[in-house]
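Peer 1: have a look at this fold, sequence not included:
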């Protein structure tokens, strides 16, 4: 591990707090040290309070901030005196610790201080860094962990047997160092067994580079002992199996989840180890990870359903063995080890699933290094349970509030570069879905990116292009739950005796056959989807066609029949299929101001009158159609299939 310190970069950060921000980001930039909100840092500063009185303050990382991107605002300023008084107390509840840390803050608008604030305060150096470095964990999670630490570091570090984080840990360290001159003794760090490492100094660079030096020494010791990682080519991707796995895990969770598959040679190598069922289920690298990943992953056997049900049953038993008044969390795994394929991380958003997979990746590397150098031994399941169900940590997860209607779902929306299609994609994205938009227009890429989705340029009449788009979606996110088949064209009006064959053929190809192709290639995955729904976009012309619109009206009528057949076929597997019939949606590229003016004049109306020439005298906009489509794909329409829903403000010809 190399130091990332740069004198020129450091010069851009002024003062002690600025340097604290800089080296915190250096730590956060290295996934071998911390991941996704892990670790914490601090700096002690003497400054004046609101009244101008001098006060000793510690700026400690605020809860919820990530070291990789932290700013000055991410540090909570806490008065040192109350923290040191709390350290002297023989007992302190978690609730009281949090309350009084908060009460001691210099700025009440700052984030809550880290749960390790007292520990940072008692360490008698100005800068303190704490990480969960993989190499340190591999060194300590071992039957002879303490002996290995002494062999590598000698008297440079103090070793603390595992105790619960928070006040108990702070009190334990305080009792160990009280009255000692750590600098005179040559102590440059504290290693917490099965947890991580603290380094410290009176300057930012010294504390940071002590961390790099010690972690590098641990890495070198592991390498010298023959640490190695498995690596094998993965089997061909089983996308249908991935969709099935995601569906089953989501049902255990009681909510849709994004699935991210790591099918690299490293992941496949780990998943294919002969003793993987034992190795993967001994416990996490550090107890903090259990908050996101649970104590252990599920390891799949030949029967996915049986493997997951066994995991859920064992999780319930684990809870019963250790529960003391807590309410059991859902029994769904967050990580699944899939022999031959790799490792899958599950989360209710792409970012969540990615974070869980990152932790899983760090864990399998750490586990293998420890196992190959003498044996991997994790903490007891009781210790892990205490952290997994620790209310201070669970509170962080509860901050997210109630999930959105389509949170964790994967939605495929065609013809979504603009107009109705974009409005449908936008409505679904705002309600939590990961949206993949397909369109011939290059604008699809930028449009979907603005929604946090993915846009793909696809000719929907081309089988190979549709298959590739569908499979890419499943490969990236684990499955498909919602299909909005909207792509279409309005062919030029021609009476039957003058109807050009290419006019008819093009309308049928785009307005009918492309939808049939999309259903053909998505239905196998929708069968494993969560509250799976198909919404087709038809037209008012189905019920009230106009002269000269045979090619368009007939295609949309056939599309409606396709919807009815799909509803009949898919109802037994719980997939709904409905169709929406919008009319007079004028805020699309098709309707230029000139087109609108000409049409209004033909009816003897103003443009505004023409836009609301329906029974309700209301204008229909793309977002109205999008809102209805999102509702039809939601549980609100969970008991409706084969329906035709008009969004036209009321049309007397239809009614």
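Peer 2: Cool, the structure landed. All values derive from a computational prediction rather than experimental measurement.
Peer 1: need the contact list for residue 146.
Peer 2: 140, 159, 161, 193 (C-beta atoms under 8 Å, 6 or more residues apart in numbering). In short, each C-beta sits where N, CA and C put it, glycine included.
Peer 1: quickly find the element holding it.
Peer 2: Using DSSP states H and E, residue 146 sits within helix 145-153.
Peer 1: quick check, distance from that helix to the centre of its chain.
Peer 2: Its chain's C-alpha centre and that of helix 145-153 lie 37 Å apart, by C-alpha atoms, centre = their mean, to the nearest Å.
Peer 1: and that helix, what's buried?
Peer 2: 145, 148, 149, 152, 153 (16 or more other C-beta atoms under 10 Å).
Peer 1: quick check: what element follows that helix along the chain?
Peer 2: Next helix or strand after helix 145-153 toward the C-terminus (DSSP H and E): strand 157-160.
Peer 1: okay, strands next: where are they in the stretch 451-600 of the chain?
Peer 2: 454-457, 482-485, 533-537, 576-582 (DSSP state E, counting those that start in this stretch).
Peer 1: any chance of these in TSV with distance to residue 406, mean neighbour count and mean pLDDT as columns?
Peer 2: As requested, the strands of the stretch 451-600 of the chain are arranged in TSV below (distance: least, C-beta to C-beta, whole Å; neighbours: other C-beta atoms under 10 Å; pLDDT from 0 to 100):
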stretch	distance to residue 406	mean neighbour count	mean pLDDT
strand 454-457	16	19	98
strand 482-485	7	30	98
strand 533-537	10	27	98
strand 576-582	14	24	98
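Peer 1: of those, which is nearest residue 545?
Peer 2: Ranking those by proximity to residue 545 (C-beta to C-beta) places strand 576-582 first, at 11.9 Å.
Peer 1: what lines up beside that closest one in the sheet?
Peer 2: When pairing is defined by DSSP bridges, strand 576-582 lines up against strand 533-537 (parallel), strand 644-647 (parallel).
Peer 1: mind listing what's buried in the shortest one?
Peer 2: The one in question is strand 644-647. Residues of strand 644-647 classed as buried: 645, 646, 647 (neighbour count, 16+ other C-beta under 10 Å).
Peer 1: likewise for stretch 129-139?
Peer 2: Result for stretch 129-139 [16+ other C-beta under 10 Å]: buried residues 129, 130, 131, 132, 133, 134, 135, 136, 137, 138, 139.
Peer 1: could you identify the most distant pair in those?
Peer 2: 129 and 138 (19.2 Å).
Peer 1: would CSV of the strands of the stretch 451-600 of the chain with distance to residue 310 be doable?
Peer 2: What follows is the strands of the stretch 451-600 of the chain, written out as CSV (distance: least, C-beta to C-beta, whole Å):
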stretch, distance to residue 310
strand 454-457, 35
strand 482-485, 31
strand 533-537, 31
strand 576-582, 31
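Peer 1: which of these sits closest to residue 401?
Peer 2: Nearest to residue 401, of the strands of the stretch 451-600 of the chain and by C-beta to C-beta, is strand 482-485 at 22.5 Å.
Peer 1: what pairs with the closest one, parallel or antiparallel?
Peer 2: If you go by DSSP bridges, strand 482-485 pairs up with strand 410-414 (parallel), strand 533-537 (parallel).
Peer 1: contacts for that strand?
Peer 2: 406, 409-414, 416, 421, 424-425, 428, 433, 515, 518-519, 522, 526, 529, 532-537, 629, 633.
Peer 1: I figured residue 173 hits residue 123, correct?
Peer 2: Yes. Judged on C-beta atoms under 8 Å, residue 173 makes contact with residue 123 at a distance of 7.4 Å.
Peer 1: shared neighbours, those two?
Peer 2: Common contacts of residue 173 and residue 123 (C-beta under 8 Å, 6+ apart): residue 190.
Peer 1: thinking again about what came up before, please narrow the buried residues of stretch 129-139 to those residing in strands.
Peer 2: Per DSSP state E, strands hold the following members of these: 129, 130, 131.
Peer 1: hmm, back to that, columns pLDDT and distance to residue 268 on top of the buried residues of helix 145-153, output as a markdown table?
Peer 2: What follows is these, written out as a markdown table (pLDDT from 0 to 100; distance: C-beta to C-beta, whole Å):
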| residue | pLDDT | distance to residue 268 |
| --- | --- | --- |
| 145 | 93 | 29 |
| 148 | 95 | 30 |
| 149 | 96 | 33 |
| 152 | 97 | 32 |
| 153 | 97 | 35 |
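Peer 1: got the domain boundaries for this structure?
Peer 2: 7-224, 239-398, 410-585+620-647 (automatic domain parsing).
Peer 1: for residue 614, which of the ones you listed is the nearest?
Peer 2: Residue 614 lies closest to domain 410-585+620-647 among the domains of the chain, at 6.7 Å (C-beta to C-beta).
Peer 1: take the strands paired with strand 482-485 and lay them out in CSV including distance to residue 222.
Peer 2: As requested, those are exported to CSV (distance: least, C-beta to C-beta, whole Å):
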stretch, distance to residue 222
strand 410-414, 40
strand 533-537, 50
